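**Q** build me a model from this:
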Amino acid sequence: PYNCSFCFNSFFLKTRGNKAIRQRSAENVIEELLWAKSQFGIEYVAFWDDSFTSSKKWIREFSGLYRRKIGLPFYCNAIPRFINPDVADALSEAGCTYVQLGVQSLSREICTEVLNRRWDRDSIVEAVKLLKRAGIMVQVDHMLGLPGDTVRIEEESVLFYNRIRPDLI
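**A** Numbering: from 1, shown residues only. Next up, the predicted model:
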């Protein structure tokens, strides 16, 4: 949903036009998973979708179908600002065991000037809290050594993560 400088999707935005998010229907995803279960006996699902939680409506629809028809534990990526109580609960009820949150940097300047990424520390705190309350393991994706990064910035990041307690960094 963004045009982050570090992400391959920024390249794809240029090649496919202005449509930043292409999302398959929940039913289509479930049909593919049913096929994979029957063909390969899968026991765990990893969704490598950068914007998996960007639509609360889609997550609600997907979660109900997934729980009833697939019933396997799964992993997904999420952007902190797209996690709210409804999304966290829907993920948990569907069987999500692990979410990786894209944070990248806790420096507003680096996020804005280098990564071309929106930044909101409050949404990171809230996302970690909601996911952990829902019983979901939380990893934050944090990049070290970005242009403009300093020891001071990373020391502040360590203190921040120590307060909010993600399971993995």
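**Q** for burial, what's the neighbour tally of Phe52?
**A** 24 (other Cβ atoms under 10 Å). All C-beta spots, glycine's among them, are computed from the backbone N, C-alpha and C.
**Q** got the contact list for the residue lying closest to it once chain neighbours are set aside?
**A** Distances taken as Cβ to Cβ, 6 or more residues apart in numbering place Cys76 nearest to Phe52, at 4.3 Å, with adjacent residues excluded. Counting by Cβ atoms under 8 Å, 6 or more residues apart in numbering, Cys76 touches 46-47, 49, 52-53, 91, 96, 98-100.
**Q** just the buried residues of those.
**A** Listed as buried from the contacts of Cys76 are 47, 52-53, 91, 96, 98-100; burial here means 16 or more other Cβ atoms under 10 Å.
**Q** and the two most separated of those?
**A** Thr53 and Tyr98 (13.3 Å; Cβ to Cβ).
**Q** bridging residues for the residue nearest to Phe52?
**A** Here Cys76 sits in beta bridges with Phe47, Val99, as judged by DSSP bridges.
**Q** any idea of the pLDDT on it?
**A** pLDDT for Cys76: 97.
**Q** and what of Leu144?
**A** For Leu144, the pLDDT comes out at 93.
**Q** of all residues in this protein, which one is nearest the centre?
**A** The residue lying closest to the centre of the chain (Cα atoms, centre = their mean) is Ala78, at 1.2 Å.
**Q** quick check: closest non-adjacent residue to that one.
**A** Distances taken as Cβ to Cβ, 6+ apart place Thr53 nearest to Ala78, at 4.4 Å, with adjacent residues excluded.
**Q** and if you look at Leu130?
**A** Ala88 (4.0 Å).
**Q** neighbours of the one you found, how many?
**A** 25.
**Q** host element of it?
**A** According to DSSP states H and E, Ala88 maps onto helix 85-94.
**Q** helices or strands next to that helix in the packing?
**A** Contact analysis of helix 85-94 by 3 or more Cβ pairs under 8 Å, 6 or more residues apart in numbering; DSSP states H and E lists helix 56-69, helix 121-133 as its packing neighbours.
**Q** now it: buried residues?
**A** 87-92, 94.
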